[in-house]
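# quick one: sequence and predicted model below, then my questions.
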Amino acid sequence: MSLMDVFDIAGSGMSAQTVRLNTTSSNIANAESVSSNMGDTYRARQPVFATQFQNELKKDSFAFNNGLDAGGGVRVAGIVESDAPYQLRYEPHHPMSNDDGYVAYPNVNVVEEMTNMISASRSFQTNADMMKSAKEMMQRVLQLGQ
């Protein structure tokens with residue numbers, strides 16, 4: 001693993017956290033959207049991350065550490081919808097209420113989404129700091145040759 005691989009790994013982390021932040025913002029934006037039909041109500045979504053190995057990136061037949069795959073970053077394996085139940089609220093005068101007077105609200109927990117947003121933002125910043133540190137290390141190596 002070379003020092004240049006740090007940029008690929010940190011970049012994949014930043015990309016994954018961007019997807020997480022976009023998904024979280026979509027959940028927050030739809031937190032109060034309503035529907036009289038359960039099938040049309042928005043469901044909270046969460047990204048699923050998976051490890052991306054060095055051998056997948058470079059297609060080498062050998063990685064260091066006795067042939068074991070080295071971590072090479074992260075990738076978004078997919079986005080899944082939450083199985084949590086919808087929030088049914090009794091609001092008989094609401095224009096979107098069903099025949100029983102209930103309105104279906106999404107299964108979005110705004111507090112949980114805000115926590116996800118803060119976590120994604122901090123993870124993104126950590127990856128950016130890692131790239132900055134690697135850049136400074138490379139600059140110091142170049143200065144040694146002067």
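Received, thanks.
# you'd agree residue 51 is up against residue 74?
Yes. Counting by CB atoms under 8 Å, residue 51 sits close enough to residue 74 to count as a contact (6.5 Å). Bear in mind the C-beta positions are built from the backbone N, C-alpha and C, glycine included.
# name the nearest residue to the residue sitting nearest the centre point of the chain, sequence neighbours excluded.
For the chain, the residue nearest the mean C-alpha position is residue 20 (2.4 Å; CA atoms, centre = their mean). Counting by CB to CB, 6 or more residues apart in numbering, residue 20 lies nearest to residue 120, which is 4.4 Å off, once chain neighbours are set aside.
# quick one: mean pLDDT over the helix or strand that contains that neighbour.
Using DSSP states H and E, residue 120 sits in helix 110-144. Mean pLDDT, helix 110-144: 94.
# what is that helix packed up against?
If you count contacts as 3 or more CB pairs under 8 Å, 6 or more residues apart in numbering; DSSP states H and E, helix 110-144 packs onto helix 5-29.
# burial of residue 23, as a residue count?
For residue 23, the count of nearby residues is 19 (other CB atoms under 10 Å).
# list the contacts of it.
45, 46, 47, 79 (CB atoms under 8 Å, 6 or more residues apart in numbering).
# surely residue 6 meets residue 130?
Yes. With contact defined as CB under 8 Å, residue 6 reaches residue 130; the gap is 6.6 Å.
# what are the bridge partners for residue 75, then?
Here residue 75 shows beta-bridge partners residue 50, assigned using DSSP bridges.
# how many neighbours does residue 95 have?
Neighbours around residue 95, by other CB under 10 Å: 8.
# ok, now residue 15?
Neighbours of residue 15 using other CB under 10 Å come to 16.
# residue 49 versus that one, what's the distance?
11 Å (CB to CB, to the nearest Å).
# which neighbours do those two share?
residue 76.
# who has more neighbours, residue 51 and residue 74?
Each of residue 51 and residue 74 has its neighbours counted (other CB under 10 Å); residue 74 has more, 19 against 12.
# lovely, talk soon.
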